[in-house]
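Chemist: this is a predicted model, with the sequence first.
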Protein chains: 2
Amino acid sequence: MAQRPIMKRINTKLEKVYRDILRIEETELQKSQFRDLSITEMHTIDAIGLHQKPTSSAVAARLHVTQGTLTVGIKQLVRKGYVDREHADDDKRIVNLLLTRKGRLMYRAHQAFHQQMVDRFVQGFNEDEIHLIEHALDNLMAFIAEQDQHL
Amino acid sequence: MAQRPIMKRINTKLEKVYRDILRIEETELQKSQFRDLSITEMHTIDAIGLHQKPTSSAVAARLHVTQGTLTVGIKQLVRKGYVDREHADDDKRIVNLLLTRKGRLMYRAHQAFHQQMVDRFVQGFNEDEIHLIEHALDNLMAFIAEQDQHL
DNA sequence: TTTGACTGATTTGATATTCAAAGTATCAGT
DNA sequence: ACTGATACTTTGAATATCAAATCAGTCAAA
């Protein structure tokens, strides 16, 4: 299977896509009203989300960074007015994170951009074909999970 | 189209995939015999490739980094024995880059990893379905190119 | 043929991100 | 009230990056 030209092409395209997406997310951000955010900070906001008030360590795990790294990043985001901290009542060691109004605005803007991208991704495909694409993504996620396991 | 659950799912999965792939490439590298390379350095080696002896500025453009950034990176890779420089005969300002034997080994190892990933990506699909997946990737590339244009 | 503008690469100083390790505060069980 | 574990914070070092200044080689016009 390995040497077939189409496999080679998909390899090249997949590589190009996953590296370029991060880059265009960055430039998209710089054109928006949220110019004071880096791509890293945007992803932190994304990982906090709208509804759950996750703990600091949960967000760190989600982003695959150390707790220390997250603390530093959150300090910036609080200073810039995108994120609030709350100490849990029942256990004062725990810090719950939540988005400010500005943070929620940012979150929704980023989601809208993603939605646009996904719409394009499956453009021109019917229902069955879209399911097939989802299946291919599931394959990739399984591969990733496997790699994570025998780490 | 936007709110359908399957679109939402694809959005989430796509986002997860393109962020995680970079991360597992990194950890894969750390488990290999090329532990002294960072993911950035690996991508630089990838951008140099096996055959073309590209100029320094061509590689910088390919990686979307400044010339100065590339110069610094190449210095490391030369020191570590993965890359050689050659001054072009006809214009001594130009630096052509090429991989050493060690660099080529690294390049092929990375390609093999990618091949494994792509095999998994299209696992269980027939010829037509694989073409459909390629088409979806083309859609994404078109989206990216568009974003790059009205930069 | 000399000089001035240009081009490709390098160096430098500043900023971002990250991790590991050490430190602080709080909790839960004895 | 100790003790050990847990949740987070701080700090110091390493890496990656850019913009701007610099260096070196080329080319063309005077």
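Modeler: It's in.

Chemist: dead centre of chain A: give me the residue that sits there.
Modeler: In chain A, the residue lying closest to the centroid (CA atoms, centre = their mean) is A:His43, at 4.9 Å.

Chemist: how about the strands in chain A?
Modeler: Per DSSP state E, chain A carries strands over the ranges A:83-87, A:95-99.

Chemist: where in chain A is pLDDT low?
Modeler: Along chain A, segments meeting pLDDT under 70 span A:1-3, A:151.

Chemist: please identify the most buried of the strands of chain A.
Modeler: Mean neighbours per residue, mean count of other CB atoms under 10 Å in any protein chain shown, is largest over those for strand A:95-99, with a mean of 20. Every residue, glycine included, has its C-beta placed from N, CA and C.

Chemist: max-length helix in chain A?
Modeler: Among the segments of chain A that qualify as a helix by DSSP state H, the longest is helix A:5-31.

Chemist: flag every buried residue along that one.
Modeler: Across helix A:5-31, burial judged by 16 or more other CB atoms under 10 Å in any protein chain shown covers A:7, A:10-11, A:13-15, A:17-21, A:24-25, A:28-29.

Chemist: for stretch A:31-39, same thing?
Modeler: For stretch A:31-39, a neighbour-count test (16+ other CB under 10 Å) marks A:Phe34, A:Leu37 as buried.

Chemist: quick one: it near DNA strand D?
Modeler: No. Figure legend: stretch A:31-39 not in contact with DNA strand D (CB under 7 Å from any atom of the strand); closest approach 11.1 Å.

Chemist: would that stretch count as contacting DNA strand C?
Modeler: Yes. Applying CB under 7 Å from any atom of the strand, one finds stretch A:31-39 in contact with DNA strand C at A:Ser38, A:Ile39.

Chemist: distance between the ends of that stretch?
Modeler: Stretch A:31-39 has an end-to-end distance of 13 Å (CA to CA, to the nearest Å).

Chemist: also stretch A:87-100?
Modeler: Stretch A:87-100 has its terminal residues 16 Å apart, counting by CA to CA.

Chemist: tell me the residues of chain A that contact DNA strand C?
Modeler: Contact residues, chain A versus DNA strand C (CB under 7 Å from any atom of the strand): A:38-41, A:64-69, A:72-73, A:76, A:90-93.

Chemist: rerun at 6 Å
Modeler: Taking CB under 6 Å from any atom of the strand as the test, the list of chain A residues beside DNA strand C reads A:Ser38, A:Thr40, A:Glu41, A:Val65, A:Thr66, A:Gly68, A:Thr69, A:Val72, A:Gly73, A:Asp91, A:Lys92, A:Arg93.

Chemist: Provide a PyMOL selection command restricted to the buried entries of the residues you listed.
Modeler: The PyMOL selection below is limited to those of those classed as buried (16+ other CB under 10 Å):
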select buried, chain A and resi 41+65+73
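
Chemist: re earlier: filter the buried residues of helix A:5-31 down to the ones close to DNA strand D.
Modeler: Okay, of the buried residues of helix A:5-31, nothing touches DNA strand D (CB under 6 Å from any atom of the strand).

Chemist: restrict the residues you listed to those near chain B?
Modeler: The subset of these within reach of chain B, by CB under 8 Å from any CB of the partner chain, is A:7, A:10-11, A:13-15, A:17-21, A:24, A:28.

Chemist: of the residues of chain A next to DNA strand C, closest to chain B?
Modeler: Each of the residues of chain A next to DNA strand C was scored against chain B by CB to the nearest CB, and A:Val65 proved nearest at 10.2 Å.

Chemist: just give the nearest non-adjacent residue to the closest one, would you?
Modeler: Spatial nearest neighbour of A:Val65, excluding adjacent residues (CB to CB, 6 or more residues apart in numbering or on different chains): A:Gly73 at 7.8 Å.

Chemist: ok, that neighbour touching A:His43?
Modeler: No. Counting by CB atoms under 8 Å, A:Gly73 sits too far from A:His43 to count as a contact (9.5 Å).
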